[in-house]
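Asker: next come a sequence and a model predicted from it.
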Amino acid sequence: MDGKLSNELAINIKNINQALNVEKNFDIVYRVLTIADTEGCFYVVDGMNKDDVLQKLMQFFSGIKPEEMAKNAHEMSIKLLPYGEVDFVKDIPTLVTNVLSGVPVLVVDGFDKAISIDFRTYPSRGIEEPEKEKVLRGARDGFCETLVMNTALVRRRIRNPNLIMEYATAGKSSKTDIVFCYMKDRVDHQFLKRLQDKVKAIDVDALTMGSESLAECIHRGSWWNPFPKFKYSERPDATASAVLEGSVIIFVDTSPSAMILPTSLLEITEEADDYYFPPITGTYLRLTRVVINLIALFLTPLWLLLMNNQGLIPKPLEFIVVKDAINIPLLVQLLILEFAVDGLKLASVNTPSMLSTPLSVVAGIVLGDFTVSSGWFNSETMLYMAFVVIANYSQSSFELGYALKFLRVILLILTGLFDIWGFVAGLIITFIAVCFNKTISGQSYLYPIIPFNAKEFGRRFLRLSLPAVSRENKKTH
């Protein structure tokens with residue numbers, strides 16, 4: 001439909017009602033009212049507007065005298081609309097999109113333009129701290145599913161006119177709201193332009209999965225490389241810090257996480273706690289996180305290699321040899337446990353909260369004791385896999401955790417099948433997956449290690465200074 005609005009209210013009401021299927025949609029409400037001696041009609045979606053504002057507008061319109069009535073929409077917005085967020089609509093498709101987005105629209109007899117008055121409000125939860133990105137010290141707020149609230153949380157932290165919140169939409173049916181957030185004087189404008197062009201070129205019906213759907217539309221890279229191209233954060237403080245560093249932030253309506261672009265491997269491993277403590281403590285936490293994840297990646301494949309080649313085990317480490325009978329090959333045990341851990345994760349997500357504690361106790365007893373005593377698993381296998389599972393939670397990125405898991409499984413399979421040469425081949429695959437990876441902007445995934453930049457390395461790998469301070473110093477010098 002590409003019809004323009006008419007000067008006659010009756011024609012507009014008929015066409016708009018037909019476009020919105022008002023007779024079938026119980027939640028789309030239209031209210032005919034009289035403003036002075038002129039008839040008008042309000043279109044709203046029930047549950048998506050501020051009722052007190054609508055009531056006050058109705059009362060205000062009922063008090064307007066005939067001689068005060070405006071001659072057109074523009075004059076009416078200036079003289080007769082006390083509410084600030086006002087825009088004009090010239091055609092019915094745009095009007096339909098506004099109404100379905102929750103923006104109330106006023107159509108007045110004799111006006112060829114409708115007036116959109118944005119006093120919508122979306123149902124939303126609170127801005128409590130994200131479960132996956134909790135901190136020991138610092139802010140306790142987090143993003144929610146409402147776009148305007150998320151942008152406001154960042155704007156609250158950066159009171160600078162160079163902070164830009166640029167609006168876009170994607171999806172033929174969903175028309176999902178998207179916001180590009182960046183600092184005008186710090187962002188890479190060529191990279192920003194490429195991102196915006198990719199979003200404009202998206203040809204999908206809907207972004208059903210929010211930010212993940214958008215990410216797959218923006219980057220259709222090699223499926224075989226598991227390392228994430230995007231950093232997701234539900235923390236406004238971490239997001240504001242990334243903005244000040246020159247990153248581009250993408251907010252997607254109905255998604256409670258911000259997409260931070262571009263991002264390298266070291267940036268993904270950063271967490272807010274690194275900066276809420278003094279530099280020496282933050283450095284220790286960061287190094288601990290990196291070391292633990294590296295150990296979790298290589299621990300079980302290296303142990304399996306040593307079990308298959310016990311002559312390579314140094315005397316001080318001979319205690320790692322399995323003493324009990326091995327009824328199932330160690331490789332099979334480790335692979336079963338890798339998949340069983342993910343099964344337990346899925347089960348815990350779908351378990352009602354009132355049952356999670358007793359069921360976790362039962363699962364711990366059964367898996368931790370009975371599986372060993374029954375002969376299915378050896379205690380050493382359970383021990384090392386328990387460490388791997390706990391180590392996986394030392395960093396907040398789900399995507400990075402599963403990338404390391406996939407590489408660990410490949411290392412296990414190659415080591416179990418081809419012994420030392422398989423382990424070496426697994427190391428080469430891991431090296432290729434990391435070193436030949438690129439960020440969305442085309443930079444090295446291991447920057448500032450490759451290519452090496454001493455200042456950036458000190459800032460990313462070691463917690464030497466706050467991100468915003470470091471960025472400002474780099475721009476100044």
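Answerer: Sure thing, it's come through.
Asker: quick check, pLDDT for residue 468.
Answerer: Looking at residue 468, its pLDDT is 55.
Asker: no, scratch that, I was asking about residue 354
Answerer: If you check residue 354, the pLDDT there is 66.
Asker: go on, the one 3 residues further on?
Answerer: Each residue has a pLDDT score; the one for residue 357 is 65.
Asker: likewise for residue 442?
Answerer: We have a pLDDT of 87 for residue 442.
Asker: burial count for it?
Answerer: Neighbourhood size, residue 442 [other Cβ atoms under 10 Å]: 9. Glycine gets a C-beta too; all of them are placed from N, C-alpha and C.
Asker: residues touching the spatially closest residue to residue 97 that is not a sequence neighbour, list them.
Answerer: Ranked by Cβ to Cβ, 6 or more residues apart in numbering and with sequence neighbours excluded, the top spatial neighbour of residue 97 is residue 175, at 5.9 Å. For residue 175, the contact set (Cβ atoms under 8 Å, 6 or more residues apart in numbering) comprises 97, 100-101, 169.
Asker: please list only the buried members of these.
Answerer: Buried by 16 or more other Cβ atoms under 10 Å: 101, 169, out of those.
Asker: among the contacts of residue 175, name the ones in helices.
Answerer: Counting by DSSP state H, these place 97, 100 in helices.
Asker: from the contacts of residue 175, pick the one nearest residue 249.
Answerer: residue 169 (17.2 Å; Cβ to Cβ).
Asker: quickly note the distance from the closest one to residue 461.
Answerer: 39 Å (Cβ to Cβ, to the nearest Å).
Asker: and for residue 237?
Answerer: With Cβ to Cβ as the criterion, residue 237 and residue 461 are 21 Å apart.
Asker: neighbour count winner among the two?
Answerer: residue 237 (20 against 17).
Asker: so who does the residue lying closest to the more buried one once chain neighbours are set aside touch?
Answerer: Among residues not flanking residue 237 along the chain, residue 139 sits closest, at 4.9 Å (Cβ to Cβ, 6+ apart). Residue 139 sits next to 235-237 when contact means Cβ under 8 Å, 6+ apart.
Asker: tell me the spacing between residue 64 and residue 206.
Answerer: In terms of Cβ to Cβ, residue 64 sits 41 Å off from residue 206.
Asker: ok, residue 299 next?
Answerer: From residue 299 to residue 206 the distance is 43 Å (Cβ to Cβ).
Asker: the more surrounded of these two?
Answerer: Neighbours were counted for residue 299 and for residue 206 using other Cβ under 10 Å; residue 299 has more, 16 against 13.
Asker: identify the residues contacting the more buried one.
Answerer: Taking Cβ under 8 Å, 6+ apart, we find residue 299 in contact with 384, 387-388.
Asker: JSON lines for those residues, including secondary structure?
Answerer: Output for the contacts of residue 299, formatted as JSON lines (DSSP: H, G, I helix; E, B strand; the rest coil):
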{"residue": "384", "secondary structure": "helix"}
{"residue": "387", "secondary structure": "helix"}
{"residue": "388", "secondary structure": "helix"}
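Asker: can you give me the strands in this structure?
Answerer: 28-35, 38-45, 86-89, 105-108, 114-117, 163-170, 176-183, 231-233, 248-252, 258-261 (DSSP state E).
Asker: right, so those: which one is the most enclosed?
Answerer: strand 258-261 (a mean of 26; mean count of other Cβ atoms under 10 Å).
Asker: what is the distance between it and the centre of its chain?
Answerer: Mean-position distance between strand 258-261 and its chain equals 7 Å (Cα atoms, centre = their mean, to the nearest Å).
Asker: what's that strand packed up against?
Answerer: Helices and strands touching strand 258-261, by 3 or more Cβ pairs under 8 Å, 6 or more residues apart in numbering; DSSP states H and E, are helix 211-218, strand 231-233, helix 236-244, strand 248-252.
Asker: repeat that with 7 Å
Answerer: In terms of contacts (3 or more Cβ pairs under 7 Å, 6 or more residues apart in numbering; DSSP states H and E), strand 258-261 is packed against strand 231-233, helix 236-244, strand 248-252.
Asker: that strand pairs with which strands, and in what direction?
Answerer: strand 231-233 (antiparallel), strand 248-252 (antiparallel) (DSSP bridges).
Asker: same question for that strand, mean pLDDT?
Answerer: 95.
Asker: equivalent analysis for stretch 231-239, please.
Answerer: 95.
Asker: can you give me how far that stretch is from the chain middle?
Answerer: 8 Å.
Asker: can you name the residues in contact with it?
Answerer: With contacts defined as Cβ atoms under 7 Å, 6 or more residues apart in numbering, stretch 231-239 is touched by 130, 133, 138-139, 141-143, 153-154, 157, 211, 249, 256-260, 263, 267-268, 272.
Asker: convert the C-alpha atoms of stretch 145-165 to PDB, please.
Answerer: Provided in PDB are the C-alpha atoms of stretch 145-165 (Å, rounded to 0.1, in the frame of the first residue of the first chain):
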ATOM      1  CA  GLU A 145      14.800  -5.600  26.300                       C
ATOM      2  CA  THR A 146      13.700  -2.000  25.800                       C
ATOM      3  CA  LEU A 147      15.900  -0.100  23.300                       C
ATOM      4  CA  VAL A 148      15.300   3.400  24.700                       C
ATOM      5  CA  MET A 149      16.200   2.400  28.200                       C
ATOM      6  CA  ASN A 150      19.400   0.800  27.000                       C
ATOM      7  CA  THR A 151      20.500   3.900  25.100                       C
ATOM      8  CA  ALA A 152      19.700   6.000  28.100                       C
ATOM      9  CA  LEU A 153      21.900   4.000  30.400                       C
ATOM     10  CA  VAL A 154      24.900   4.700  28.100                       C
ATOM     11  CA  ARG A 155      23.900   8.400  27.600                       C
ATOM     12  CA  ARG A 156      23.800   8.700  31.400                       C
ATOM     13  CA  ARG A 157      27.500   7.700  31.500                       C
ATOM     14  CA  ILE A 158      28.700   9.800  28.500                       C
ATOM     15  CA  ARG A 159      27.500  13.400  28.600                       C
ATOM     16  CA  ASN A 160      29.100  14.400  25.400                       C
ATOM     17  CA  PRO A 161      27.500  15.900  22.300                       C
ATOM     18  CA  ASN A 162      29.800  13.700  20.100                       C
ATOM     19  CA  LEU A 163      28.000  10.600  21.400                       C
ATOM     20  CA  ILE A 164      25.700   9.700  18.500                       C
ATOM     21  CA  MET A 165      22.700   7.400  18.600                       C
END
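Asker: buried residues of that stretch, list them for me.
Answerer: For stretch 145-165, a neighbour-count test (16+ other Cβ under 10 Å) marks 145-151, 153-154, 158, 163-165 as buried.
Asker: contacts for it?
Answerer: Taking Cβ under 7 Å, 6+ apart as the rule, stretch 145-165 contacts 122, 124, 127, 141, 143-144, 177, 179, 181-185, 236-237, 239-240, 243-244, 251, 253-256.
Asker: can you select the buried ones among the residues you listed for me in PyMOL?
Answerer: Filtering the contacts of stretch 145-165 down to the buried ones (16+ other Cβ under 10 Å) takes a single PyMOL command:
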select buried, resi 122+127+141+143+144+177+179+181+182+183+236+237+239+240+243+244+251+253+254+255+256
